[in-house]
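Visitor: return a 3D structure for these sequence lines:
(chains A, B, C and D)
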2 protein chains.
Amino acid sequence: MEIIADKKKAILESTLKLIKENGFHGTPMSQVAKKAGVAAGTIYHYFDSKDTLIMELYTYTQHRLLDAILANSHEGMDYKAQFFNYWISRCKFYIQNPDVLFFMEQFVNSPYYNRFSKEQDERFQKEVFQFIASGVERGILRPMNQRLMCIMIHSSAHSAAKVHLLDRVTLTDEELQQLAQMVWDGVKSN
Amino acid sequence: MEIIADKKKAILESTLKLIKENGFHGTPMSQVAKKAGVAAGTIYHYFDSKDTLIMELYTYTQHRLLDAILANSHEGMDYKAQFFNYWISRCKFYIQNPDVLFFMEQFVNSPYYNRFSKEQDERFQKEVFQFIASGVERGILRPMNQRLMCIMIHSSAHSAAKVHLLDRVTLTDEELQQLAQMVWDGVKSN
DNA sequence: CGCGACCGAATGAACGTTCAATAGAAAGAA
DNA sequence: TTCTTTCTATTGAACGTTCATTCGGTCGCG
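Guide: Predicted coordinates for the structure are as follows:
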């Protein structure tokens, strides 16, 4: 992973927070600059345009998410335990980083996402995808289109986190466990 | 339901399509006017501002969605059949109306949604919410926070439709059935 | 005539982006 | 070391464009 200059990181983080609060169109470059503590022109030293900034911000957040998930995964667990661990740590990451969640959701539902190569997106998800795929192949998970199953699992983690954040229903660890169980009961075979 | 003047409807439908293609900031009022076949000023005869237009567009799409779902529901089915029917018709509605799906997703993930009163949102979902709630009370569904369960079910329908639309994996009726089964296995009790 | 629907050019503010100027660090020459 | 040169990082005022919104006016109906 490349080393990110301090100011570049400040710009990314500021953009992230502002977009969560105000959305894409509610976030002028002037405000980003102000929050990051740099001049407007400086942003253009690091990014070609506002679009580029937003596109890079997406890969930046993908990195943060993936790092968090992989940091939590240990060798030698059985499949089910690893599934729970994986689902719950994804969910927790979103809860602890609401700005990432809301930015990502806005991004993937915007026209930006179309410009984003699907391959790049999938390279990130590779470990996770293979985990699911192996579950299907080994007959632990329901036989089904793997990409489809992958997305169903991810989206449930998103949704749970969003309930927690938007409806101010605090999800306890126990409830997270329950939710993971619910998802598991859906995808496991039999 | 109020009677919508032709031009008003044309404006709403045009906005819907343009936002799906270009997002909120990629959709100037001038373009909306052009697509709807009206003058720019006319929009302001029906809507106070662009924001108002978008807010009203949301309730307009909610209506369309709800009508489609309720049109499909018949009396006298047992709970499970009704669940399947409900989940699948929601999914199919999204697949047949991609612009509604993408607009709604953009909307609920944008700052607009915060300004939207939660009560209004829930009044729309009332029938559906009560259906889920009664399932929990009668012990057919897993004992769990009802709002949480409601959202988990909805989000799975969203996600399935999005796979169909974005990844160009055509979901057959059989696969939809499979998916509904998967969701059902997750939420049913035991 | 009066009124509401409708038009579209004009307005003015907001915003992304540029660029000439500055500061400072690194490198080289003496 | 000290002076000179070069290159990069940074600044923020200025520019040009885009866009939401306004408003004076037209049309057609009762």
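Visitor: can you name the residue of chain A nearest to DNA strand D?
Guide: Closest approach between chain A and DNA strand D, counting by C-beta to the nearest atom of the strand: A:Gly41, at 1.8 Å. No exception for glycine: its C-beta is placed from N, CA and C like everyone else's.
Visitor: which residues touch that residue?
Guide: Not one residue lies near A:Gly41 by C-beta atoms under 8 Å, 6 or more residues apart in numbering or on different chains.
Visitor: what secondary structure does it sit in?
Guide: helix (DSSP: H, G, I helix; E, B strand; the rest coil).
Visitor: output the below-cut-off pLDDT ranges for chain A.
Guide: A:1-4 (pLDDT under 70).
Visitor: residues from it in reach of DNA strand D?
Guide: Counting by C-beta under 7 Å from any atom of the strand, the residues of chain A close to DNA strand D are A:Ala5, A:Lys7, A:Gly37, A:Val38, A:Ala39, A:Ala40, A:Gly41, A:Thr42, A:Tyr44, A:His45.
Visitor: ok, now how distant is A:Lys17 from A:Ala36?
Guide: Distance from A:Lys17 to A:Ala36, counting by C-beta to C-beta, to the nearest Å: 10 Å.
Visitor: the more surrounded of the two?
Guide: Per other C-beta atoms under 10 Å in any protein chain shown, whichever of A:Lys17 and A:Ala36 has more neighbours is A:Ala36, with 21 against 18.
Visitor: shouldn't the more buried one be in contact with A:Ser14?
Guide: Yes. A:Ala36 is within contact range of A:Ser14, at 4.1 Å (criterion: C-beta atoms under 8 Å).
Visitor: re earlier: closest to A:Ile151 among the residues of chain A next to DNA strand D?
Guide: A:Ala5 (34.8 Å; C-beta to C-beta).
Visitor: how close does the closest residue to the closest one other than its chain neighbours sit to A:Lys34?
Guide: Counting by C-beta to C-beta, 6 or more residues apart in numbering or on different chains, A:Ala5 lies nearest to A:Tyr46, which is 7.3 Å off, once chain neighbours are set aside. The gap separating A:Tyr46 from A:Lys34 is 16 Å, by C-beta to C-beta.
Visitor: out of these two, which sits in the more crowded spot?
Guide: A direct count of neighbours by other C-beta under 10 Å for A:Tyr46 and A:Lys34 places A:Tyr46 higher, at 17 against 14.
Visitor: isn't A:Pro98 up against A:Leu165?
Guide: Yes. The criterion here is C-beta under 8 Å, and A:Pro98 meets it with A:Leu165 at 5.2 Å.
Visitor: what comes up buried for the strand or helix carrying A:Ser14?
Guide: Here A:Ser14, judged by DSSP states H and E, is contained in helix A:6-22. Buried residues in helix A:6-22, defined by neighbour count with 16 or more other C-beta atoms under 10 Å in any protein chain shown: A:Lys8, A:Ala10, A:Ile11, A:Leu12, A:Ser14, A:Thr15, A:Leu16, A:Lys17, A:Leu18, A:Ile19, A:Lys20.
Visitor: is any residue of that helix near chain B?
Guide: Yes. Against chain B, helix A:6-22 shows contacts by C-beta under 8 Å from any C-beta of the partner chain at A:Glu21, A:Asn22.
Visitor: next one: whatever helix or strand comes next after that helix to chain centre, how far?
Guide: Using DSSP H and E, the helix or strand that follows helix A:6-22 in sequence is helix A:29-36. Distance of helix A:29-36 from its chain centroid, counting by C-alpha atoms, centre = their mean, to the nearest Å, is 24 Å.
Visitor: excluding covalently adjacent residues, which one is nearest to the residue of chain A found nearest chain B?
Guide: Relative to chain B, the nearest point of chain A is A:Gly186 (3.1 Å; C-beta to the nearest C-beta). The shortest distance from A:Gly186 to any non-neighbouring residue, by C-beta to C-beta, 6+ apart, is to B:Gly186 (3.1 Å).
Visitor: now do the contacts for that neighbour.
Guide: A:Met182, A:Val183, A:Trp184, A:Asp185, A:Gly186, A:Val187, B:Met152.
Visitor: can you mark which positions in the helix or strand encompassing the second one are buried?
Guide: Using DSSP H and E, the element containing A:Val183 is helix A:173-187. Neighbour-count burial for helix A:173-187, with 16+ other C-beta under 10 Å as criterion, is recorded at A:Glu175, A:Leu176, A:Gln178, A:Leu179, A:Ala180, A:Met182, A:Val183, A:Trp184, A:Asp185, A:Gly186, A:Val187.
Visitor: is the lengthiest helix in chain A anywhere near chain B?
Guide: If you go by DSSP state H, chain A has its longest helix at helix A:50-72. No. Figure legend: helix A:50-72 not in contact with chain B (C-beta under 8 Å from any C-beta); closest approach 10.2 Å.
Visitor: alright, that wraps it up for me.
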